[in-house]
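> Here you go, sequence then predicted model.
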Amino acid sequence: AMNASEADEIAPPLPVESPVVETAAPAKRGRVGAFQSRNFRLLWTGLIIANSGSWMATTAEGWLVTDMAKDNASVIIGLIALAFALPMFGLTMIGGAIADRFPRKRMLWIVQCCYLAFSTTLAIVTLLDLIQIWMLILYSFGNGLVLAFDSPARNALLPDLVSKEDLAGAVSLNSAAYSGAALIGPAIAGALIPIIGVGGVYTFTAVSVVAVLIALARMKDVPEYAIDKKSQGNVWKSIKRGVHFALESRVILGVLAVSVVSGIFARSYGPLLVIFARDEFHVGSFKFGLMVAAPGIGLLIAAFFLASRKDMGERGKKLWIFVSALSVVLMIFAAMPWYFGGLPMLVVTGFCVTLTAATMATIIQLQTPQELRGRIMSIYMMTLIAVPSIGTLIIGSIADIIGVRVTVFTGAAIVLGIVALIFMRNQQLREV
């Protein structure tokens, strides 16, 4: 299960210093050639089921928090997001180093078992009507803890499942597994909450995790190790080498800066949709579920669009366009007074988020040597997943004071200005 969007884009041939393991047979290329790999198909299917369950839990959690803490729901949602982000900041680099040193498939099996244990526990306490706010915060912390190891391993594993030509398509389809889930999960949760309650939704989440475990058990001939020989003996030396590489690359550093800024002030809007639903649009759980699902439509369209393309080109310039478009659309959504006017804006927002994440991830993948991929992707995943959680706490706290509409609008405007400054000062990023 994942809690945030993880995408990559179609790319031209990799540079010499960034080799990608070719383990898939050179079968005929289709529009989504990554599906030629049996191992990738298994993982993708398991992920879309588990991610649907994760999105159901996220939707149910927002509704539960606004029921339990009506007066300060924005702050509580921010604290839950912070609890998720803390282990991501503290342990993701360690997770990336481990992913470069130990079997990634086995690592994924362990973290999915942890997800299953956490989800089952949450479902039980909710069904028994014992749930408290601190339990939701603890559950969020546990999810962040295991995701710190899950995300680097899963992203580093993809090049071991598909051929070089299909790598970018595979990471885009990996995003589509999340995107499709973002469309399906919230809508189902919104419809089920009045029928089976939040505890019943959490039960579905726990069951969905089993799909990934089954997929991992059926995968065959997955490479066991991808060891970085230069830092084999010391994890901290391994982490230091990854950080040094990221800081030395103007391109990667620029992408990370864009990801941080957009993560804090733009991509952090998601958990606050429940505030829009209840306080601004005054709708029930089903229409709230549609709001959470709406970006999933855009995510899914964008992910399959990217997977079907052979070359993107001028990624730096297009990243600038995508982030700027995301900011403008969020500003329009924040100012929209009508529920049915806001839904299309959320669809376009999801589309822009996927294009942005896909482009950032592709640039980083293409600029990183294979033996460092786990660590560099772990840094990127911190900015993609943990940083928006910090942003949710910041804008949630501000929204309690000045209102959610003004807060989201202002945050998007800040992204528009700062990202423009980043690109104007980073020629290498513009030209990548």
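Looks like it came in fine. Residues are numbered from 1 along each chain as shown.

> drop to CA atoms for contacts and neighbour counts, all remaining ones
Fine.

> which intervals of the stretch 151-300 of the chain have sub-threshold pLDDT?
Counting by pLDDT under 70, the stretch 151-300 of the chain has low-confidence residues at 164-165, 168-169, 171-172, 175, 179, 223-233.

> any idea where the strands of it begin and end?
For the stretch 151-300 of the chain, applying DSSP state E, counting those that start in this stretch gives no strands.

> can you tell me which residues contact L300?
Under the criterion of C-alpha atoms under 8 Å, 6 or more residues apart in numbering, the neighbours of L300 are A176, S179, G180, L183, F351.

> what does L82 give?
Each residue near L82 by C-alpha under 8 Å, 6+ apart is listed here: S389, I390, T392, L393.

> 7 Å - rerun?
Counting by C-alpha atoms under 7 Å, 6 or more residues apart in numbering, L82 touches S389, I390, L393.

> quick one: pLDDT of it?
Model confidence at L82, given as pLDDT, is 89.

> I'd like to know how far it sits from G417.
Going from L82 to G417 by C-alpha to C-alpha, to the nearest Å gives 26 Å.

> Extract the C-alpha trace of stretch 207-219 and format it as PDB.
C-alpha atoms of stretch 207-219 as PDB (Å, rounded to 0.1, in the frame of the first residue of the first chain):
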ATOM      1  CA  VAL A 207      -7.600  -7.700   3.200                       C
ATOM      2  CA  SER A 208      -6.300  -5.800   0.100                       C
ATOM      3  CA  VAL A 209      -2.600  -5.900   1.300                       C
ATOM      4  CA  VAL A 210      -2.700  -9.700   0.800                       C
ATOM      5  CA  ALA A 211      -2.800  -9.100  -3.000                       C
ATOM      6  CA  VAL A 212       0.800  -7.800  -3.000                       C
ATOM      7  CA  LEU A 213       2.000 -10.700  -0.800                       C
ATOM      8  CA  ILE A 214       0.500 -13.200  -3.300                       C
ATOM      9  CA  ALA A 215       2.100 -11.300  -6.200                       C
ATOM     10  CA  LEU A 216       5.600 -11.300  -4.600                       C
ATOM     11  CA  ALA A 217       5.200 -15.100  -3.800                       C
ATOM     12  CA  ARG A 218       4.500 -15.800  -7.500                       C
ATOM     13  CA  MET A 219       7.300 -13.700  -9.000                       C
END
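
> Okay, helices next: where are they in the stretch 1-150 of the chain?
Counting by DSSP state H, counting those that start in this stretch, the stretch 1-150 of the chain has helices at residues 38-68, 73-99, 104-127, 133-157.

> Could you pull out the buried residues of the longest one?
Right, the one you point to is helix 38-68. The neighbour-count check on helix 38-68 (16 or more other C-alpha atoms under 10 Å) flags 38-66 as buried.

> just stretch 408-417 next, same as before
Across stretch 408-417, burial judged by 16+ other C-alpha under 10 Å covers V408, F409, T410, G411, A412, A413, I414, V415, L416.

> just how off-centre is that stretch within its chain?
21 Å (C-alpha atoms, centre = their mean, to the nearest Å).

> So for the host helix or strand of T410, mean pLDDT?
Taking DSSP states H and E as the definition, T410 sits inside helix 404-425. Throughout helix 404-425, pLDDT has a mean value of 96.

> State the number of residues packed around E314.
For E314, the neighbour count with other C-alpha atoms under 10 Å is 12.

> so what's it closest to, chain neighbours aside?
V432 (6.2 Å; C-alpha to C-alpha, 6 or more residues apart in numbering).

> Contact partners for that neighbour?
So V432 contacts E314, R315, G316 (C-alpha under 7 Å, 6+ apart).

> Check it and give its pLDDT.
On pLDDT, V432 comes in at 82.

> what about the longest helix in the chain?
Counting residues, the longest helix found in the chain (DSSP state H) is helix 167-218.

> What distance do you get for A191 to G289?
A191 is 7 Å from G289, where distance means C-alpha to C-alpha.

> Can you pick out the residue with more neighbours from the two?
Neighbours were counted for A191 and for G289 using other C-alpha under 10 Å; G289 has more, 28 against 17.

> what about that one, distance to M331?
G289 sits 21 Å away from M331, taking C-alpha to C-alpha as the criterion.

> cool, and F304?
F304 sits 26 Å away from M331, taking C-alpha to C-alpha as the criterion.

> The two - which one has more neighbours?
Between F304 and M331, counted using other C-alpha under 10 Å, M331 has the larger neighbour count: 22 against 18.

> Nearest residue to the more buried one in space, please, no chain neighbours.
Leaving aside its chain neighbours, M331 sits nearest to F409 (4.6 Å; criterion: C-alpha to C-alpha, 6+ apart).

> cool, V419 as well?
Computed as C-alpha to C-alpha, 6+ apart, the closest residue to V419 that is not its neighbour in sequence is V258, at 6.1 Å.

> Please verify my assumption that that neighbour contacts A420.
No - if you go by C-alpha atoms under 7 Å, V258 and A420 don't touch, sitting 9.5 Å apart.

> out of the two, which sits in the busier spot?
Taking other C-alpha under 10 Å, V258 and A420 do not tie; V258 has more neighbours (23 against 15).
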